[in-house]
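>>> what would the 3D arrangement of this be:
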Amino acid sequence: MSIRLRLVLSYAAMVVLPVLLSLLVAWGIAGVMLGKEYDWRILDWRPPSMEQRARQEAQTFDQLRRLIAREPDQLLDPETVGRFDRQLHNINTGLVLRHDGQEVYVSPRISIPGIGSQLPVHGAIRENHEPLLAGGSAFAYRQFDFRFSDGSPGSLFILTDISPLGQFMRDYLLFLAIAVLLILILTSGLLTYLVSRSIIRPVGQLQQAARRIQEGDLDFELACSGPAEIAGLCRNFEEMRQRLLQSVQVQLQYEENRKELISSITHDLKTPLTAIRGYVEGIRDGVADTPEKLARYLETIQTKASDMDQLLDELFLFSKLDLNREPFVFEVIDLRRYLAEATQDLQFDVERRGAVLKLELGGEEPLLVLADPDKLRRILNNLLHNAIQHLRSSEGQIVIRLRPQEQEVQVQVIDNGSGIAEQDLPHIFEPFYRANRARPVGGSGLGLSIARRIVEAHGGTIEAASSLGGGTTISFSLKRAGGESV
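As a prediction, the model looks like this:
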């Protein structure tokens with residue numbers, strides 16, 4: 001559920017819940033104050049005492065009307081008027097009887113000095129009149145005007161003390177206001193807590209995760225929960241953490257590779273330097289005491305120096321490729337013709353080892369690719385020299401095969417040499433990897449690494465397939481020029 005929907009629902013609940021609860025509390029307070037129960041079936045309350053009061057008042061009024069209509073003089077009998085007064089006493093109502101302008105009876109309940117003088121005179125009946133205020137109390141009254149048998153005017157007043165009703169309403173409204181205020185506080189507080197908890201809790205988890213990342217701790221998993229927006233942010237944060245962890249791991253691997261590279265470079269430079277120093281000391285000490293021996297020593301020194309020069313050249317090229325500082329000049333070339341010309345210089349090295357170099361170019365029509373000719377020659381030289389170093393002493397064979405595809409051309413360099421062990425195969429393109437096949441005798445150990453970086457700079461891929469004693473196939477791909485198809 002999104003944060004927007006949660007807020008909309010919470011706002012709606014903050015309006016609806018207090019209204020419903022206030023209605024229920026209003027009914028409850030009224031029922032408690034009146035000491036009666038609810039009729040829940042119709043969601044209404046009807047205090048039986050009020051119904052009884054209304055019935056009793058109506059019955060008494062009806063009896064008085066009939067008495068006034070038939071025998072009004074009986075009202076002058078104290079026993080008769082007292083009987084009616086007792087009926088009205090239980091409903092907080094009293095009587096005032098006036099005969100010929102004089103009060104002849106006033107109910108003890110409303111025996112307030114001067115109350116009769118405030119009542120209307122005979123014949124002054126008003127449909128709507130204000131409550132009568134006397135003695136600190138308020139009275140609602142009804143007036144019945146009639147004439148006695150002798151023709152004298154008479155008035156009967158029925159007064160109901162409404163002061164308790166006003167007090168009841170004041171207390172009721174006070175309790176209701178307090179209850180509504182508490183309802184608003186509780187409902188808004190509870191809903192705010194529930195909504196904020198669903199937002200604050202995941203935000204707190206994100207804050208804690210950010211603190212752990214700040215301290216360098218990336219080895220944990222962030223659980224994604226909460227509203228849709230927070231959960232999405234949490235997933236993005238978790239993805240960021242994973243990428244940071246991978247970046248740190250890659251950086252650590254780079255650092256380890258750098259240390260191994262420095263160690264390997266030191267080893268490969270120290271070996272020919274040691275040999276050169278030994279031969280120089282032999283010449284200086286007179287060990288090379290014949291012209292033939294001296295010539296052999298000098299030739300060895302020259303060979304070792306050439307090996308060092310080649311190693312330094314390849315290190316320089318490797319570093320520039322690794323830093324993306326080696327410039328490439330791409331051209332559209334005919335790969336079939338290019339391979340036929342480029343491998344002529346290597347025929348002598350292959351034949352000197354008693355092996356055969358074969359080209360399987362798959363036709364004579366031009367096969368156009370986009371490549372840097374100089375860098376492509378470096379790839380071929382490195383792969384062929386690597387294969388030559390591991391050819392068998394007899395029946396050695398190297399095959400260069402083209403496999404045109406829809407968007408690229410695959411070049412395969414296949415030999416029937418000693419092969420590569422399965423555990424070494426994933427690492428042969430790493431610089432200075434310590435394996436016989438990946439570290440050829442007399443080589444720098446960087447040939448395959450340089451070939452991989454050049455191929456990747458061409459937008460292609462390079463891979464190897466081999467088995468011990470079963471030869472090796474190294475394949476790399478180049479993009480076709482002009483989008484032509486096979």
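
>>> ok, residue 289 to residue 26 distance?
Distance, residue 289 to residue 26, by CB to CB, to the nearest Å: 126 Å. Heads up, the C-betas are built off the backbone N, CA and C, glycines and all.

>>> compare those two (neighbour count), which wins?
Remark: of residue 289 and residue 26, residue 26 carries more neighbours, 17 against 10, as counted by other CB atoms under 10 Å.

>>> what about the nearest residue to the more buried one once chain neighbours are set aside, how many neighbours?
Closest residue to residue 26 apart from its sequence neighbours, by CB to CB, 6 or more residues apart in numbering: residue 176 at 5.6 Å. By the criterion of other CB under 10 Å, residue 176 has 16 neighbours.

>>> please enumerate the helices of the stretch 151-300 of the chain.
163-214, 228-284, 291-322 (DSSP state H, counting those that start in this stretch).

>>> and residue 43, what's its pLDDT?
For residue 43, the model assigns a pLDDT of 38.

>>> just name the shakiest helix or strand of this protein by mean pLDDT.
Using mean pLDDT, DSSP states H and E, the weakest-scoring helix or strand in the chain turns out to be strand 132-134, at a mean of 71.

>>> can you name the element that comes right after it?
Next along the chain after strand 132-134, taking DSSP states H and E as the criterion, comes strand 137-147.

>>> quick one: strands adjacent to that following strand?
With DSSP bridges as the test, strand 137-147 is paired with strand 132-134 (antiparallel), strand 153-161 (antiparallel).

>>> dump those strands to TSV, plus mean neighbour count.
Listed next are the strands paired with strand 137-147 as TSV, based on neighbours: other CB atoms under 10 Å:
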stretch	mean neighbour count
strand 132-134	16
strand 153-161	21
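
>>> including distance to residue 31 and mean pLDDT, could the helices of the stretch 151-300 of the chain go into JSON lines?
What follows is these, written out as JSON lines (distance: least, CB to CB, whole Å; pLDDT from 0 to 100):
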{"stretch": "helix 163-214", "distance to residue 31": "11", "mean pLDDT": "77"}
{"stretch": "helix 228-284", "distance to residue 31": "45", "mean pLDDT": "80"}
{"stretch": "helix 291-322", "distance to residue 31": "87", "mean pLDDT": "84"}
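
>>> remind me which helix or strand residue 364 belongs to.
Per DSSP H and E, there is no helix or strand for residue 364.

>>> excluding chain neighbours, what is closest to it?
Using CB to CB, 6+ apart, the closest residue to residue 364 is residue 336 (7.0 Å).

>>> which element is the one you found on?
Going by DSSP H and E, residue 336 is in helix 335-342.

>>> buried residues in the helix or strand following that helix, which are they?
Per DSSP H and E, the first helix or strand lying C-terminal to helix 335-342 is helix 347-352. Buried residues in helix 347-352, defined by neighbour count with 16 or more other CB atoms under 10 Å: residue 350.

>>> downstream neighbour of helix 347-352 in the secondary structure list?
Sequence order places strand 355-360 as the next helix or strand after helix 347-352, per DSSP H and E.

>>> go through that next one and flag the buried ones.
355, 357.

>>> please give me every residue in contact with the residue nearest to residue 366 when sequence neighbours are not counted.
Distances taken as CB to CB, 6+ apart put residue 334 closest to residue 366, at 4.3 Å, once the chain neighbours are dropped. Under the criterion of CB atoms under 8 Å, 6 or more residues apart in numbering, the neighbours of residue 334 are 366-368.

>>> quick one: furthest residue from the center of the protein?
Largest separation from the mean C-alpha position in the chain: residue 150, at 97.8 Å (CA atoms, centre = their mean).

>>> my guess is that residue is in a helix, correct?
No: with DSSP: H, G, I helix; E, B strand; the rest coil as the criterion, residue 150 is assigned coil and is not in a helix.

>>> if we can go back for a sec, run the chain-centre distance for the helix holding residue 336.
Here helix 335-342 is found 56 Å from its chain centre; the criterion is CA atoms, centre = their mean, to the nearest Å.

>>> same list (the helices of the stretch 151-300 of the chain) but as a markdown table, adding distance to residue 81.
Shown next, in a markdown table, are the helices of the stretch 151-300 of the chain (distance: least, CB to CB, whole Å):
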| stretch | distance to residue 81 |
| --- | --- |
| helix 163-214 | 24 |
| helix 228-284 | 80 |
| helix 291-322 | 123 |
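
>>> returning to that earlier point: lowest mean pLDDT across the strands paired with strand 137-147, which one is that?
Across the strands paired with strand 137-147, strand 132-134 has the smallest mean pLDDT, namely a mean of 71.

>>> who touches the closest residue to residue 78 other than its chain neighbours in this structure?
The shortest distance from residue 78 to any non-neighbouring residue, by CB to CB, 6+ apart, is to residue 105 (7.1 Å). Applying CB under 8 Å, 6+ apart to residue 105 gives the contacts 75, 78, 81, 85, 95-97.

>>> quick check: the farthest pair among these?
Maximum pairwise distance among these (CB to CB): 14.1 Å, between 78 and 96.
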